[in-house]
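In: model this:
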Amino acid sequence: MKYFFDTNVLVYLFDADSPDKRKRARALFQAHSGAGDILLSTQVLQEFYVTVTRKLARPLDVAAAAEVVENFAELPMVNIDGKLILSAIHRSRGSQLSFWDALVVQAAIEGHASTLYSEDMHHGLILDGLKVVNPFLVR
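Out: Numbering: from 1, shown residues only. Purely as a prediction, here's the structure:
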């Protein structure tokens with residue numbers, strides 16, 4: 001099984017202003033990294049860098065953020081290409097998902113993930129066999 005981590009879950013790894021979510025995100029990431037079953041996408045890496053350097057109340061230094069992205073880039077990765085973008089457009093047009101969320105979903109499906117950890121989508125939603133789990137609602 002593979003577990004796709006959405007940007008928001010990765011951001012909480014470094015968000016000092018959300019200590020409960022930070023603790024939960026770190027435990028989840030540590031458990032899955034130890035098992036070797038984490039899956040990310042190039043979109044998630046891009047969004048992560050921008051968010052932790054510009055949108056946090058206490059942002060990461062750009063050099064530190066770049067180092068974190070380098071480490072994340074060593075994990076299994078789904079590359080966003082034209083075919084995936086078109087699939088996401090199709091999914092977003094036929095659902096309540098934004099294009100960006102549909103792109104995350106399509107990347108997770110393309111990477112054969114069984115679970116998508118995300119705070120932004122409906123907890124328990126199942127899309128083509130992919131289950132969306134909000135890790136901050138479950139223990």
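In: state the number of residues packed around the closest residue in space to Ser18 that isn't next to it in sequence.
Out: Spatial nearest neighbour of Ser18, excluding adjacent residues (CB to CB, 6 or more residues apart in numbering): Tyr12 at 5.9 Å. All C-beta atoms are positioned from the backbone trio N, CA, C, and that covers glycine. Per other CB atoms under 10 Å, the neighbour tally for Tyr12 reads 23.
In: pLDDT weak spots in the protein?
Out: Residue ranges of the chain with pLDDT under 70: 138-139.
In: that one: helices as residue ranges?
Out: Secondary structure of the chain (DSSP state H): helices at 7-12, 19-35, 42-50, 62-72, 82-93, 99-110.
In: ok, the residue nearest to Ser18 - contacts?
Out: With contact taken as CB atoms under 8 Å, 6 or more residues apart in numbering, Tyr12 is in contact with Ser18, Lys21, Arg22, Arg24, Ala25.
In: closest to Leu56 out of the helices of the chain?
Out: Of all those, helix 7-12 sits nearest to Leu56, with 7.3 Å by CB to CB.
In: CA atoms only: put the closest one into PDB for me.
Out: Output of helix 7-12 as PDB, limited to C-alpha atoms (Å, rounded to 0.1, in the frame of the first residue of the first chain):
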ATOM      1  CA  THR A   7       0.700  19.600   0.800                       C
ATOM      2  CA  ASN A   8      -1.200  20.600   3.900                       C
ATOM      3  CA  VAL A   9      -0.100  17.600   5.900                       C
ATOM      4  CA  LEU A  10       3.500  18.200   5.000                       C
ATOM      5  CA  VAL A  11       3.200  21.900   5.900                       C
ATOM      6  CA  TYR A  12       2.000  20.900   9.400                       C
END
